[in-house]
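In: this one's sequence-less:
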């Protein structure tokens with residue numbers, strides 16, 4: 001199945017079926033704040049889907065937000081949830097492994113998108129987009145399953161990363177700034193071990 005079709009079906013099934021769902025993206029918000037993100041600077045939620053992160057950032061005064069996702073269905077659900085506030089956000093339908101960003105961002109956030117890219121070529125495509133789409137000194141926050149986390153998610157295999165390994169895979173001009181792990185409680189009551197990697201782009 002085409003990637004967009006898979007994710008359209010996954011999101012259409014409802015939030016209770018989505019293991020990654022969070023009512024409050026607390027770790028993302030904390031790491032964005034710790035990275036020193038300026039609310040007026042451009043911020044991208046890569047693979048944002050129907051994440052509540054955009055809602056929380058709007059509530060905190062962030063004014064230059066973009067959500068990119070391969071699923072048009074997910075983006076439509078997010079716009080409907082936000083209502084009139086959706087007009088304050090740029091919505092981009094894009095396969096992150098084959099994307100040419102239209103601008104550069106001061107902060108790139110990705111919770112559980114990169115780990116679905118299991119092939120070297122699609123990882124290279126994402127990394128090329130990351131390089132093209134970030135400003136000097138940009139912060140990059142990437143979360144995915146830790147080495148002891150699940151091997152699959154939403155019916156698909158994932159690539160599990162330790163933060164140092166992920167930082168090495170991304171490579172220059174990005175350097176590892178912070179790493180931590182978290183146990184995410186799924187809507188079904190399970191636990192998934194996530195690793196969070198914060199990178200900083202050089203000049």
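Out: Done, it's in. Remember, predicted model here, so these are calculated numbers, not experimental data.
In: low-confidence stretches in the protein?
Out: 1, 4, 6-8, 10-11, 13-20 (pLDDT under 70).
In: try 80 this time
Out: Within the chain, the stretches with pLDDT under 80 are 1-21, 154-155, 186-191, 203.
In: buried set for the lengthiest helix in the chain?
Out: Ranked by residue count under DSSP state H, the longest helix found in the chain is helix 120-132. Residues of helix 120-132 classed as buried: 122-123, 125-127, 129-131 (neighbour count, 16 or more other Cβ atoms under 10 Å). Every residue, glycine included, has its C-beta placed from N, CA and C.
In: what separates that helix from the chain centre, distance-wise?
Out: 14 Å (Cα atoms, centre = their mean, to the nearest Å).
In: what packs against it?
Out: Judged by 3 or more Cβ pairs under 8 Å, 6 or more residues apart in numbering; DSSP states H and E, the packing partners of helix 120-132 are helix 163-170.
In: and the helix it packs on with helix 120-132, angle?
Out: 80 degrees (axes from the mean of the first three to the mean of the last three Cα atoms, to 10 degrees).
In: tell me the helices and strands packed up against helix 163-170.
Out: Looks like helix 163-170 contacts helix 120-132, strand 134-145, strand 174-185, strand 191-201 (3+ Cβ pairs under 8 Å, 6+ apart).
In: now with 7 Å?
Out: Secondary-structure packing of helix 163-170 (3 or more Cβ pairs under 7 Å, 6 or more residues apart in numbering; DSSP states H and E): helix 120-132, strand 174-185, strand 191-201.
In: could you dump those to TSV with distance to residue 12?
Out: Converted to TSV, the helices and strands packed on helix 163-170 look like this (distance: least, Cβ to Cβ, whole Å):
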stretch	distance to residue 12
helix 120-132	24
strand 174-185	22
strand 191-201	22
